[in-house]
Each structure stands twice: as C-alpha cells, then as structure tokens.
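Asks: Here is the input, now give the coordinates:
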Amino acid sequence: MSDSTEKTDQVPEVVPEIVAEQQAEQSPEDRAEVNDSELDLPAQLEKVQAEVEEKHNKYIRLAAESENLRKRTVREIEHAHKFAIERFAGELLAVVDSLEMSIDAGENAAAEALLEGSQATLKLLVGALTKSGIEQLDPVGEPFDPNLHEAMTMQPSDSAEPGSVLTVIQKGYQLNGRLLRPARVIVATEPQ
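Replies: Numbers count the residues shown, from 1 in each chain. Model prediction:
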C-alpha cells in the first residue's frame, strides 16, 4: 500500500506543474485571445446562425429549382409522346391526297391510268415510311433469318439455295432497326 500511496501523492503534484508550464509557454496575447473569444460567444452564435440561415435559403432555392425542372421534364415528355408521330402524319397526308385524287379520277379513267396512279401513291407511301425510319424487309434470295422472317411453309426448289427465302408472301418492316412485323416467307428446301 505504501507504493500506491506514493503514486497517488505524486500525481497531484505533477499535474499542477504541467499546467503551470503550459501557461508559461502561452504568450499574454494568446491568453487575452482566449479570454476575448470566450467573451464574444453571442457574436459567434449570431454569425453561425446567419450562416445557417443563408445555407437554408440556398437549400430552399435549390429544392424549388429541382421541382421546377422535374415538372418541365414531365411536360416535355408528355408533349413528345403526344406529338411523336407529327412528322410522319404530315408525310402521310400527301398519300391521302393522292388516293383521293385517284378515286375522284377513277370514275372516268382507264385501268392503265388507275394503275399508274396507284403506283405513284405507293411510291409516296414508301418514301414517307423511309423518311420516318421504317424500312421494308423484302428478303427474296437471302438466307432465312428467324429473327426477321416468319416461315409460312417450305418448298423444294431447283433454282434457290436450301434454307434461303424463295418467295415473300408479305413484306416485313423494321423501325430504326427494331422489328415491327416479320416478313412472311416461303423457304426453299432441297429438290426431292
């Protein structure tokens, strides 16, 4: 016990010495600054409160801007969905006009004139489709591709390579590389 008593007696003597040394190392200006900063606590509090208020106002403005951007984006998306086919529809109006003129003229026209008018109308329609990114699939002679073609039947052929498209029953269409409708085809097989 005498050892522990000596240690506890030494601790109180050492701590005041360390504190005295640290105070001696501090300049009078540092001590005055600590005292001044302790006295300016209300001023510091006001400064911090002003900063908090400024940051809160900035947050409110950013939140409002974000909400406005979200609303504007929703409106633009709705507008894009609503008028997405506007250009395509404009292209089709020429086809409608051509068909109407063909029907009006059909009462007095010969079959040859009607055929020419129908061919011109079809050319206008295919042009409108192409301008809108719609591509025709007419795969005669190409190898059968189940991703683009729908086999309706198979037919032996001496002229076509087995596994290739012999005849197109109905053309297929792609929109910007995405299949709208597969081409319905007859696929060639080896002759029997």
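Asks: All the strands of the chain, residue numbers only.
Replies: Along the chain, the segments classed as strands by DSSP state E run 134-137, 149-156, 165-170, 172-175, 178-181, 183-189.
Asks: right, so of these, which gets closest to S66?
Replies: Closest to S66 of these, according to C-beta to C-beta: strand 178-181, at 33.8 Å. For every residue, glycine as well, the C-beta is placed using N, CA and C.
Asks: Residues touching the closest one, excluding its own?
Replies: The contact list for strand 178-181 (C-beta atoms under 8 Å, 6 or more residues apart in numbering) reads I134, N147, L148, Q170, G172, Y173, Q174.
Asks: Buried only: go through those for me.
Replies: Buried members of the contacts of strand 178-181, counted by 16 or more other C-beta atoms under 10 Å: L148, G172, Q174.
Asks: confidence score at R87?
Replies: Listed pLDDT for R87 reads 76.
Asks: can you tell me which residues contact it?
Replies: K131, S132.
Asks: tell me which of the contacts of strand 178-181 is nearest to F88?
Replies: Closest to F88 out of those is I134 (8.5 Å), distances taken as C-beta to C-beta.
Asks: The closest one and D97, how far apart?
Replies: The gap separating I134 from D97 is 20 Å, by C-beta to C-beta, to the nearest Å.
Asks: Same check on V52?
Replies: V52 is 68 Å from D97, by C-beta to C-beta.
Asks: residues contacting P146?
Replies: For P146, the contact set (C-beta under 8 Å, 6+ apart) is empty.
Asks: Make TSV from the strands of the chain and add mean pLDDT to it.
Replies: Shown next, in TSV, are those (pLDDT from 0 to 100):
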stretch	mean pLDDT
strand 134-137	90
strand 149-156	95
strand 165-170	93
strand 172-175	90
strand 178-181	90
strand 183-189	95
